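sequence below, structure please.
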Amino acid sequence: MNTDALWFVKPGRVELRPVELPEPGPEDVILDVRVCGVCQFDVHIFAGNERFNYPTAGGHESVGVVAEVGRSVTRVRPGDPVAISGGGSPHFARRMVRRQSCLHRLPDGIQRFEHWLVEPVSCAVNGIECTGIAANDRVAVIGCGFMGLLLVQGLRHTTAREIVAADLDAERLALAKDFGAQRTYSLSDPAQLEAFKASKGDRGYDVVFEAAGAQKALDLATSLVRMAGKLNIFGLHWGATTFDGFAWHMMGLHVLNVSPMFNPRMGEVFAATPALMARGQYELSRLVSHVAPAEQAQSLFETAAARQDKYMKGAVRFS
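Numbering: from 1, shown residues only. Sure thing, here's the model as predicted:
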């Protein structure tokens, strides 16, 4: 059985190519992929990075509909909308074969599957859960891109006393305010940057999420967290990153690197996330900025890599 899948054929180039799917077994499900979200990880592959060999397939944020089920499948039925976890065959594909244990039921009647990208939301849920927000904590989020804004959405449902957000972009800061941040600071305004630094007071923030994946953001986060506070390096740093080991040691910081691999219970977190989205704790309608059919993926990735046209989050549509 063959399908079309999106391949990164070389830096700066993607194209659809045929892929042979494995023969499904009794516990397997054949899925029609509706959309697959474009992670910043995928954008880095597209842009070119020495960590990858080309050509390579990608994608890990797919949502689809059950087409066929094996004779031993009990969790889902044909026609069910599902989010798909785990690796295996490419997620940027029209069809997939997955074990039923990798499928997580979504509500019926979904019109915009790009608003149900469970995988990145589960990463934000995991980031907050593994950080352990305590009652009365003051929390700062540095970086209000797609993932940073998911953190803000989730933090408003914790016991945090105060949530503040900082970013370079005014529109993203406005979204952070709408999503629950009590105060925001523009990092592109020197006066506001100084005000942000001063806002830590004598004690500092109890928790700081560095969600930008940038050296300056990490340095700023280090300067804002309190003695024995929690510094969550949530953003992915691609290149060499430095830190003030003396400051981290003398301040007794709890430094967390919360990726999905951080939590051995990540599968449970993923499974719990659709219900949180259904309750409205996380909503993506204002965050997914660009959706394109698979045949136009080249243009979508070019826009994402160049950060043009107010790009925040993309998704590739397959059907």
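
which one in the chain is furthest away from the centre?
Counting by Cα atoms, centre = their mean, the extreme residue of the chain relative to its mean C-alpha position is residue 71, 34.0 Å from that point.

how about the helices in the stretch 201-319 of the chain?
With DSSP state H, counting those that start in this stretch as the criterion, the stretch 201-319 of the chain has helices at 215-224, 245-251, 266-278, 297-306.

quick one: list the elements packing against the longest one.
Right, helix 266-278. Using 3 or more Cβ pairs under 8 Å, 6 or more residues apart in numbering; DSSP states H and E as the contact criterion, the neighbours of helix 266-278 among helices and strands are strand 81-84, strand 103-105, helix 118-131. For every residue, glycine as well, the C-beta is placed using N, CA and C.

what comes up buried for that helix?
Of the residues in helix 266-278, those buried under the neighbour-count criterion (16 or more other Cβ atoms under 10 Å) are 266, 267, 269, 270, 271, 273, 274, 276, 277.

how about residue 199, nearest residue that isn't a chain neighbour?
For residue 199, the nearest residue in space outside its immediate sequence neighbours is residue 164; the separation is 6.8 Å by Cβ to Cβ, 6 or more residues apart in numbering.

confirm that neighbour sits in a strand?
Yes - when classified by DSSP: H, G, I helix; E, B strand; the rest coil, residue 164 is found to be part of a strand.

roughly how far apart are it and residue 258?
Taken as Cβ to Cβ, to the nearest Å, the spacing of residue 164 relative to residue 258 amounts to 19 Å.

quick one, domains of this protein?
When the chain is parsed with automatic domain parsing, its domains come out as 2-117+288-317, 126-262.

show me the residue at the heart of this protein, geometrically.
Centroid-nearest residue in the chain, with Cα atoms, centre = their mean: residue 120, separated by 3.2 Å.

possible to save the buried residues of helix 266-278 as CSV with pLDDT and distance to residue 90?
As requested, those are arranged in CSV below (pLDDT from 0 to 100; distance: Cβ to Cβ, whole Å):
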residue, pLDDT, distance to residue 90
266, 96, 21
267, 95, 21
269, 98, 23
270, 98, 19
271, 97, 23
273, 98, 22
274, 98, 22
276, 98, 27
277, 98, 24
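
and for the helix or strand of the chain with the lowest mean pLDDT, what are the contacting residues?
Between all helices and strands in the chain, the lowest mean by mean pLDDT, DSSP states H and E belongs to strand 56-57, at a mean of 91. When contacts are taken as Cβ atoms under 8 Å, 6 or more residues apart in numbering, the neighbours of strand 56-57 outside the stretch itself are 5, 6, 7, 8, 19, 45, 90, 92, 93.

nearest to residue 105, of the buried residues of helix 266-278?
Looking at these and their distance to residue 105, the nearest is residue 274, at 6.9 Å (Cβ to Cβ).

how near is the closest one to residue 106?
When Cβ to Cβ is the yardstick, residue 274 and residue 106 sit 6 Å from each other.

overlap in contacts, those two.
Residues touching both residue 274 and residue 106 (Cβ under 8 Å, 6+ apart) are 83, 116, 118.

go ahead and confirm the last one touches residue 60.
No - under the criterion of Cβ atoms under 8 Å, residue 118 is not in contact with residue 60, lying 11.1 Å apart.

between those two, who's got more neighbours?
Using other Cβ atoms under 10 Å, the more surrounded residue of residue 118 and residue 60 is residue 118, with 26 against 19.

returning to that earlier point: in a markdown table: the buried residues of helix 266-278, plus distance to residue 254.
Output for the buried residues of helix 266-278, formatted as a markdown table (distance: Cβ to Cβ, whole Å):
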| residue | distance to residue 254 |
| --- | --- |
| 266 | 20 |
| 267 | 25 |
| 269 | 20 |
| 270 | 25 |
| 271 | 27 |
| 273 | 25 |
| 274 | 30 |
| 276 | 25 |
| 277 | 29 |
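
and the residue nearest to residue 262 when sequence neighbours are not counted, how far is that from residue 61?
Distances taken as Cβ to Cβ, 6+ apart place residue 130 nearest to residue 262, at 5.8 Å, with adjacent residues excluded. With the distance defined as Cβ to Cβ, residue 130 ends up 20 Å from residue 61.

repeat for residue 30
Taken as Cβ to Cβ, the spacing of residue 30 relative to residue 61 amounts to 19 Å.

could you do residue 308 as well?
Counting by Cβ to Cβ, the gap from residue 308 to residue 61 is 21 Å.

which pLDDT value belongs to residue 88?
Residue 88 carries a pLDDT score of 63 in this model.

before we move on, the earlier item: now render the shared contacts of residue 274 and residue 106 as a markdown table, adding distance to residue 180.
As requested, the shared contacts of residue 274 and residue 106 are arranged in a markdown table below (distance: Cβ to Cβ, whole Å):
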| residue | distance to residue 180 |
| --- | --- |
| 83 | 24 |
| 116 | 21 |
| 118 | 21 |
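
got a markdown table for the residues you listed, with pLDDT and distance to residue 97 too?
As requested, the shared contacts of residue 274 and residue 106 are exported to a markdown table (pLDDT from 0 to 100; distance: Cβ to Cβ, whole Å):
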| residue | pLDDT | distance to residue 97 |
| --- | --- | --- |
| 83 | 98 | 16 |
| 116 | 98 | 21 |
| 118 | 98 | 19 |
